[in-house]
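A.B. asks: Next come a sequence and a model predicted from it.
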Amino acid sequence: MLKWLDVIKFANNGNPVPDRRVEKTNEEWKALLTDEQFRITRLKGTERAFSSDLCSYFEPGRYACICCGTELFDADTKFESGTGWPSFTQPIKENAVAYHKDGSFGMVRIEALCNTCDAHLGHVFQDGPMPSRLRYCMNAVSLKKFDVRERKIDFGGGCFWCTEALFQRIKGVIKVENGFSGGTLVNPTYREVCSGGTGHAEIVEITYNPDEISFEDLLQIHLGTHNPTTVNQLDADRGSQYRSIIFYRTEDEKQTAMKIIDEVQKSYPDRVVTQLEMFEHFYKADDYHQNYYNNNPDEGYCRAFIDPKLGKFMEQYKDKLKQE
Ligand SMILES: [Zn+2]
């Protein structure tokens, strides 16, 4: 996650290398863009505040550069800033946006540009909400909104190496990432989380295609593959970071999760203690923790704990697995 210091560093020392570059002459851009789009993106203009409906639009999706189509922001990071310009806390990738010092109008501000084609997007300020505290104040004219079918769900149920290995094998799951959420510290390390004092849970963030697997199915699998009645202890792992937890993003998801927890409760004599929390932020763990089982199948923990769990899982959810 980028912070203000990172933004200043990029502005002072140079920006990260973009995945690709798009370069055109002003004449070529003019032919592609409307007059207003050209004025704002290529001549560093600013649209009138509250001139776009995009400010109060918070549906899932992504935002791309109007000039070159590069994806810049996810709707997950959009927030109501009250400024009259669409505002985000974080770009979709660290190298999506470039930062330049802008001394116009007698102020020093940080200008945000598309790192692919240098389109002027707006400015970045350090008065945004937690956890990044950044506010990407963007011209709606510089952005193109598009829908994505992909959805995300975050949950925890013990060691994320296990949970990751299971869900990677489910049909409709596009990506599984390991990380932390639900705590107080910003950007915690694995060691800090393992100390148990940060309040974070080890979780997985699953990106899935709802046409192939539903939110309900994923939750049912989640609650069916760990014991949701033990407080802060799952299999061999003990500590509050291993608590059973589900993060919802919408009221609909919350209602669905409550219904499923009620159903699951019927098959346990003890109370299901799975926590239900509003999703706030996912902190991705270091690369070492990603794709852990696939990268370390012979490691002791994988053999002792993940192998047997995975074997049972493949049998139980046969009809939901990806075809090899
Ligand atoms: Zn661009």
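C.D. replies: Cool, got the structure.

A.B. asks: And for the spatially most central residue of the chain, nearest residue in space, chain neighbours not counted?
C.D. replies: Residue closest to the average C-alpha location in the chain (Cα atoms, centre = their mean): residue 282, at 6.0 Å. Among residues not flanking residue 282 along the chain, residue 205 sits closest, at 4.8 Å (Cβ to Cβ, 6 or more residues apart in numbering). (Each C-beta comes from the backbone N, C-alpha and C, glycine too.)

A.B. asks: what about the one you found, how many neighbours?
C.D. replies: Residue 205: 21 surrounding residues under other Cβ atoms under 10 Å.

A.B. asks: What residues does the chain have near the ion?
C.D. replies: 65, 67-68, 70, 114, 116-117, 119 (Cβ under 5 Å from the ion).

A.B. asks: May I ask which of these has the most neighbours?
C.D. replies: Busiest of the residues of the chain next to the ion [other Cβ under 10 Å] is residue 119, holding 27 neighbours.

A.B. asks: Would you check that that one makes contact with residue 111?
C.D. replies: No: the criterion here is Cβ atoms under 8 Å, and residue 119 misses it with residue 111 at 11.1 Å.

A.B. asks: helices or strands up against the host helix or strand of residue 259?
C.D. replies: Under the criterion of DSSP states H and E, residue 259 resides in helix 251-265. Contacts defined by 3 or more Cβ pairs under 8 Å, 6 or more residues apart in numbering; DSSP states H and E place helix 251-265 against helix 215-224, strand 245-248, strand 275-278.

A.B. asks: Need those in JSON lines (columns: mean neighbour count, mean pLDDT and distance to residue 84).
C.D. replies: JSON lines is the format used below for the helices and strands packed on helix 251-265 (neighbours: other Cβ atoms under 10 Å; pLDDT from 0 to 100; distance: least, Cβ to Cβ, whole Å):
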{"stretch": "helix 215-224", "mean neighbour count": "19", "mean pLDDT": "94", "distance to residue 84": "34"}
{"stretch": "strand 245-248", "mean neighbour count": "23", "mean pLDDT": "91", "distance to residue 84": "30"}
{"stretch": "strand 275-278", "mean neighbour count": "14", "mean pLDDT": "89", "distance to residue 84": "26"}
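
A.B. asks: Output the ones you listed as CSV; include the columns distance to residue 173.
C.D. replies: Listed next are those as CSV, based on distance: least, Cβ to Cβ, whole Å:
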stretch, distance to residue 173
helix 215-224, 8
strand 245-248, 16
strand 275-278, 21
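
A.B. asks: Which of these sits closest to residue 43?
C.D. replies: strand 275-278 (41.0 Å; Cβ to Cβ).

A.B. asks: which other residues reach that closest one?
C.D. replies: 182, 243-249, 254, 257-258, 261 (Cβ atoms under 8 Å, 6 or more residues apart in numbering).

A.B. asks: Note down every partner strand of that strand and its orientation.
C.D. replies: Counting by DSSP bridges, the strands paired with strand 275-278 are strand 245-248 (parallel).

A.B. asks: chain center to the partner strand, what's the gap?
C.D. replies: For strand 245-248, the separation from the chain centroid amounts to 14 Å (computed by Cα atoms, centre = their mean, to the nearest Å).

A.B. asks: Equivalent analysis for stretch 64-82, please.
C.D. replies: With Cα atoms, centre = their mean, you get 13 Å for stretch 64-82.

A.B. asks: What residues sit buried inside that stretch?
C.D. replies: Buried residues in stretch 64-82, counting neighbours by 16 or more other Cβ atoms under 10 Å, are found at 64-68, 70-78, 81.

A.B. asks: From residue 160, how far out is the residue nearest to residue 282?
C.D. replies: In this structure, residue 205 and residue 160 are 10 Å apart, going by Cβ to Cβ, to the nearest Å.
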